[in-house]
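J.: sequence and predicted structure are below.
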Amino acid sequence: MAAEYRPISSHLAITPPVSVVIPAMNEAENLPYVFKTLPDWIHEVVLVDGNSSDGTVAVARESWPGVKVVEQRGKGKGDALITGFEACTGDIIVMVDADGSADGHEIVSYVSALVSGADFAKGSRFANGGGTDDMTFIRKLGNWALCTVVNRKFGARYTDLCYGYNAFWRHCLDKIDLDCTGFEIETLINIRVVKAGLRVQEIPSYEYLRIHGTSNLRAVRDGLRVLKVILGERSNRRALRRQVRHSPLLGQGRGESS
């Protein structure tokens with residue numbers, strides 16, 4: 001049987017099915033906006049519900065008929081994402097927040113990067129063409145400092161570290177162990193992708209303000225947790241450099257911007 005082609009733009013069609021994972025807890029007011037921006041060619045949407053009490057699941061099913069709802073087993077964003085990844089059946093997985101800060105129309109750029117050869121498409125608010133409405137000066141400074149540490153310690157070239165809008169081929173999960181349950185899961189993924197020698201392409205992304213509700217993010221507390229993850233990861237930068245010298249493909253891919 002011939003593979004099914006999914007037109008995703010006027011000049012690009014793909015065969016790999018795309019899964020979108022959305023971790024959510026009490027985001028009923030935001031989900032209609034989130035689903036409204038998702039492309040209709042997506043293979044499946046996996047909503048990981050963190051024991052919501054505001055009708056999040058009902059709103060998700062009304063907004064996107066056929067949504068796959070998975071009940072979160074533990075607590076924390078990392079636990080929710082890992083649960084969602086396990087439930088995905090698509091070859092490409094996209095991570096999207098449930099607060100309305102991410103524009104689903106950008107997914108085409110992430111998928112385009114992956115089908116063009118990248119293993120991991122990393123959203124960046126600070127790459128040329130990106131931006132944010134939701135970051136204070138202190139958070140920008142902290143993100144820059146943490147990003148600088150990761151780049152120097154692991155030989156990456158990231159312009160943004162703590163951003164949850166990313167996409168990757170599902171086979172990448174076989175090369176990175178995810179054992180982090182909290183918000184710092186995003187940093188852990190970024191580090192272990194580089195350590196695994198996977199090809200990374202940054203995607204300029206615009207982050208909007210949360211539409212309804214308040215964020216659980218605490219700059220100092222969560223920044224320290226991210227720093228702990230960074231310091232706890234052992235650098236294999238020398239090994240990666242040896243790989244790069246013998247592999248032109250890897251030389252193009254370790255955290256480079258588009």
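T.: Alright, I've got the coordinates.
J.: every contact and neighbour count from this point should use C-alpha atoms.
T.: Noted.
J.: have a look at this protein and report the helix or strand with the lowest mean pLDDT.
T.: Ranking every helix and strand in the chain by mean pLDDT, DSSP states H and E puts helix 248-253 at the bottom, with a mean of 42.
J.: just give me how far the top helix by length along the chain sits from the chain centre.
T.: Taking DSSP state H as the criterion, the chain has its longest helix at helix 137-154. Its chain's C-alpha centre and that of helix 137-154 lie 18 Å apart, by C-alpha atoms, centre = their mean, to the nearest Å.
J.: which residues of the stretch 101-250 of the chain score low on pLDDT?
T.: 213-220, 222-223, 236-250 (pLDDT under 70).
J.: go again using 50 as the cut-off
T.: When residues are selected by pLDDT under 50, those of the stretch 101-250 of the chain lie in 244-250.
J.: which residue is nearest the middle of this protein?
T.: In the chain, the C-alpha closest to the average C-alpha coordinate belongs to Asn166, at a distance of 2.6 Å (C-alpha atoms, centre = their mean).
J.: that residue contacts Val96, doesn't it?
T.: Yes. With contact defined as C-alpha atoms under 8 Å, Asn166 reaches Val96; the gap is 7.5 Å.
J.: how about the helices of the stretch 101-250 of the chain, start to end?
T.: 107-115, 137-154, 185-195, 219-232, 237-246, 248-253 (DSSP state H, counting those that start in this stretch).
J.: can you check what angle separates the third one from helix 137-154?
T.: Spelled out, that is helix 185-195. Between helix 185-195 and helix 137-154, the angle comes out at 30 degrees (axes from the mean of the first three to the mean of the last three C-alpha atoms, to 10 degrees).
J.: not counting helix 185-195 itself, show me its contacts.
T.: The contact list for helix 185-195 (C-alpha atoms under 8 Å, 6 or more residues apart in numbering) reads 77-78, 120, 150, 154-156, 161-164, 172, 175-178, 180, 200, 226, 229-230, 235-237, 240, 254-255.
J.: likewise for the first one?
T.: Judged by C-alpha under 8 Å, 6+ apart, the contacts made with helix 107-115 from elsewhere in the structure are 8-9, 12, 14, 38-39, 92, 94, 120-123, 166-169, 201, 203.
J.: Arg157 contacts Ser124, correct?
T.: No. With contacts counted by C-alpha under 8 Å, Arg157 stays clear of Ser124, the gap being 11.6 Å.
J.: if you count what's nearby, which of these two comes out ahead?
T.: Neighbours per residue (other C-alpha atoms under 10 Å) separate Arg157 from Ser124, with Ser124 holding more: 28 against 20.
J.: you'd agree that one is up against Asp160?
T.: Yes. Counting by C-alpha under 8 Å, Asp160 is a contact partner of Ser124 at 5.2 Å.
J.: could you identify which of the helices of the stretch 101-250 of the chain is most buried?
T.: helix 185-195 (a mean of 23; mean count of other C-alpha atoms under 10 Å).
J.: ranges for the strands of the stretch 51-200 of the chain?
T.: With DSSP state E, counting those that start in this stretch as the criterion, the stretch 51-200 of the chain has strands at 68-71, 92-95, 120-124, 131-132, 166-169, 200-204.
J.: which residues does the third one contact?
T.: Looking back up the chat, that one is strand 120-124. By C-alpha under 8 Å, 6+ apart, the list of residues contacting strand 120-124 reads 110-111, 113-114, 130, 159-161, 163-169, 172, 193, 198-205.
J.: are any of those buried, and which?
T.: Among those, those that count as buried by neighbour count (16 or more other C-alpha atoms under 10 Å) are 110-111, 113-114, 159-161, 163-169, 172, 193, 198-205.
J.: please tell me how far the nearest residue to Thr83 once chain neighbours are set aside sits from Val48.
T.: Among residues not flanking Thr83 along the chain, Gln72 sits closest, at 6.7 Å (C-alpha to C-alpha, 6 or more residues apart in numbering). Distance of Gln72 to Val48, given as C-alpha to C-alpha, to the nearest Å: 6 Å.
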